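Peer 1: Starting from these lines, generate the structure:
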Amino acid sequence: MPDAVQIIRRTLLSGFILMVLGTQTVAGFSHTDRWFPFLWYPMYAAHHEEGERLDVRHFLYAVAGEGREYEIRPEDLQMGFWRFEGAVINSVLSRKIDRSNEVIRRVLDLHPDAIALRVQDYPAAITRNGIKPLPSNVIAVVPVPQQGASF
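Peer 2: Okay, here's the model as predicted:
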């Protein structure tokens, strides 16, 4: 026959498990991230239809005078793909080109003659025969502020 301590332990453990399952269920039905860490991100990617356009990645170019362009890759800044997308591409897309930002300063140090930064996407479409590349589009062209100025 189990003693009182074991009964209390089992009751507390069962209560905790039920609380976690209940919290997960509520978070799952309410589609929210306020219950972190129980349900913070979707387990699977969203459904995509055939022919739908998907943005696979972005390219960053430093545009200099006389039409010269220099591609800036994540490797040029010694950073990974996701950090490049989050720190660099998002800064350019939100027009936060400030020389006091370390990452943007590193980009501009690579090409000090840059007068603008341009972001292009690299889209693809899902087809029955696999992924089909689509033409690239210019998403943003942001002028580079002069020394001492910021946007």
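
Peer 1: With adjacent residues omitted, what lies nearest to residue 137?
Peer 2: residue 121 (5.5 Å; CB to CB, 6 or more residues apart in numbering). C-beta: built from backbone N, CA, C; applies to glycine.

Peer 1: Surely that neighbour touches residue 54?
Peer 2: No: using CB atoms under 8 Å as the test, residue 121 is too far from residue 54 to be in contact (9.8 Å).

Peer 1: Those two: which has the busier surroundings?
Peer 2: residue 121 (19 against 13; other CB atoms under 10 Å).

Peer 1: how near is the closest residue to residue 144 other than its chain neighbours to residue 83?
Peer 2: Nearest non-adjacent residue to residue 144, counting by CB to CB, 6+ apart: residue 114, 5.3 Å away. According to CB to CB, to the nearest Å, residue 114 stands 21 Å off from residue 83.

Peer 1: what does residue 89 give?
Peer 2: From residue 89 to residue 83 the distance is 10 Å (CB to CB).

Peer 1: The two: who's more crowded?
Peer 2: Neighbours per residue (other CB under 10 Å) separate residue 89 from residue 83, with residue 89 holding more: 20 against 13.
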